[in-house]
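**Student:** Sequence first, predicted model second:
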Amino acid sequence: NRPGGQNVIGAQAAARSAPDGYTFLYGTTAAMVTNAFTFKTLPYDPEKDFIPVALVGRSPFVIAASTASGIRSMADAIARAKAQPEKIAIATEGPKTFAGMLADSVAAMAGVKLTHVPYTKAPDAIQDVLGGRVPLVCLPDAALAAYIKSGQLQALAVSTAERVPNLPGVPSLSETFAGFDYSGWNALFVPAGTPAEVVARANRDLAAILKQPEVVQRLQSLGSLADGSLNPAAMQGFMKAERERWAAIVKSIGIVAE
């Protein structure tokens with residue numbers, strides 16, 4: 001484990017590893033796509049330093065409200081934000097994190113402005129929302145699901161195009177904003193120069209593992225929807241499309257690299 005810096009530390013370590021098939025990066029959307037738009041410089045090149053091997057899973061995010069807020073739906077949240085411009089706060093991990101950019105994307109589509117309350121730790125954000133100090137929160141499904149199921153938080157929407165198995169009663173954001181689909185993902189990568197046969201074998205083996213019901217259920221409990229459907233060629237296309245998609249998102253919400 002090499003935590004820290006929006007996954008920069010771990011990605012840099014993997015990029016500098018020998019391309020011998022014995023070191024893989026369990027990469028995130030941040031490490032492999034969005035960091036390139038939010039950092040002026042990176043100590044690795046997400047596109048040139050790595051070969052994508054296989055997708056592991058997609059991670060939905062959830063927008064939820066404190067029960068004390070009286071907000072019960074996305075329509076309620078949007079109406080409240082329009083009635084009180086820039087006064088409705090949302091707890092995220094920061095405006096340039098995945099959760100923060102999701103919150104800003106939704107706000108832009110709704111024609112409202114939300115005020116970010118950034119937290120370095122998800123439990124701290126959740127406690128402030130549970131306590132009624134912040135009305136809204138946007139975090140990964142894994143962080144919020146238990147509180148939603150217990151009735152401590154009111155889920156307003158999941159970020160994926162379709163409803164998710166873990167929270168079947170929660171609308172998707174696409175039900176409010178047609179065509180919207182925003183989820184993080186996790187995937188395996190190897191350092192550039194790793195032999196093609198290593199990439200092919202790892203992709204094939206992982207695809208088989210991700211069909212096992214116990215693996216699917218375990219990933220779901222961790223907030224990830226298993227997806228081993230992409231072969232190495234399809235992964236290349238997926239990464240290209242993700243970079244193009246995120247370039248458009250970052251431009252639309254006015255993110256400036258720092």
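**Tutor:** Perfect, thanks for sending it.

**Student:** And stretch 249-256, how far out from the chain middle?
**Tutor:** 16 Å (CA atoms, centre = their mean, to the nearest Å).

**Student:** contacts for that stretch?
**Tutor:** Where contact means CB atoms under 8 Å, 6 or more residues apart in numbering, the residues beyond stretch 249-256 that reach it are Thr34, Phe37, Thr38, Pro95, Lys96, Met101, Asp104, Ser105, Ala108. The way it works is simple: take the backbone N, C-alpha and C, and place the C-beta from them, glycine included.

**Student:** So which of these is the closest to Thr23?
**Tutor:** Set against Thr23, the nearest of the contacts of stretch 249-256 by CB to CB is Thr34 (23.0 Å).

**Student:** follow-up on the earlier one: turn the contacts of stretch 249-256 into a markdown table, columns for secondary structure, neighbour count and distance to Glu197.
**Tutor:** Conversion of the contacts of stretch 249-256 to a markdown table gives the following (DSSP: H, G, I helix; E, B strand; the rest coil; neighbours: other CB atoms under 10 Å; distance: CB to CB, whole Å):
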| residue | secondary structure | neighbour count | distance to Glu197 |
| --- | --- | --- | --- |
| Thr34 | helix | 26 | 31 |
| Phe37 | helix | 17 | 33 |
| Thr38 | helix | 21 | 35 |
| Pro95 | coil | 17 | 43 |
| Lys96 | coil | 24 | 38 |
| Met101 | helix | 25 | 37 |
| Asp104 | helix | 24 | 43 |
| Ser105 | helix | 19 | 40 |
| Ala108 | helix | 15 | 45 |
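
**Student:** Next, format these as TSV and append distance to Asp76.
**Tutor:** Converted to TSV, the contacts of stretch 249-256 look like this (distance: CB to CB, whole Å):
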residue	distance to Asp76
Thr34	29
Phe37	32
Thr38	31
Pro95	23
Lys96	27
Met101	23
Asp104	19
Ser105	19
Ala108	19
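
**Student:** between these, which is closest to Asp45?
**Tutor:** Phe37 (13.6 Å).

**Student:** Please report how far the nearest residue to the closest one once chain neighbours are set aside lies from Val33.
**Tutor:** Spatially, and ignoring its direct neighbours in sequence, Phe37 is nearest to Val250 (4.3 Å; CB to CB, 6 or more residues apart in numbering). Distance, Val250 to Val33, using CB to CB, to the nearest Å: 10 Å.
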